[in-house]
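Visitor: pasting the sequence and the predicted model now:
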Amino acid sequence: MKSLAALALCAGLALAAAAADDDVPTDQDRLQGVWKLIALESDGKKAPDEVVKAMRLTVKGDKLYLREENKEEEAPFKLDPSKTPRTMDLTVRVGDKTDTVRLIYELKGDELKLCGGRVGKDRPSEFATRPGSGLHLLLFRREKD
């Protein structure tokens, strides 16, 4: 009987641990909301402050909405947090077709860092840009309600 009780206790603890894991927010959960751009670098050059101040990113479900002044673009995305660095694929519309922008991302608290290049190009391996690289490095901070 004691071994049956011990087995039941172990099973109960395993179920409780599994339930606790379900409560841990995923990266996709943590991305939800509105983010303001606080820094932008392209091809090794810092973007002007007026460009940075004009951009907002909103994440709803599995879609990103990038707003720049009066223009907003929608892009479905997929994350792979198991990679190092973590990866994000955006599906963007280019004319009549759709294509993929391959990014890396880092999510720490209320800061989101994205680095990627042009449509259809290789994913960067580090959070850096250089002259002629065609890469963009964006740093966002979550907007508070």
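Guide: All right, it came through fine.
Visitor: could you pull up the residues touching residue 37?
Guide: Taking C-beta atoms under 8 Å, 6 or more residues apart in numbering, we find residue 37 in contact with 52, 53, 55, 56, 57, 138, 139, 140. Any C-beta I mention is one placed from the backbone N, CA and C, and that applies to glycine too.
Visitor: same check on residue 107?
Guide: The contact partners of residue 107, by C-beta under 8 Å, 6+ apart, come to 27, 30, 31, 86, 113.
Visitor: at 7 Å what do you get?
Guide: By C-beta atoms under 7 Å, 6 or more residues apart in numbering, the contact list for residue 107 reads 27, 30, 31.
Visitor: isn't the last one right up against residue 58?
Guide: To tie it back to what came earlier, the one meant is residue 31. No. If you go by C-beta atoms under 7 Å, residue 31 and residue 58 don't touch, sitting 10.1 Å apart.
Visitor: and for stretch 47-55, what's in contact with it?
Guide: Contacts for stretch 47-55 (C-beta under 7 Å, 6+ apart): 37, 38, 39, 40, 41, 66, 67, 68, 69.
Visitor: swap the cut-off to 6 Å and go again
Guide: Contact with stretch 47-55 is made by 37, 40, 68, 69, as judged by C-beta atoms under 6 Å, 6 or more residues apart in numbering.
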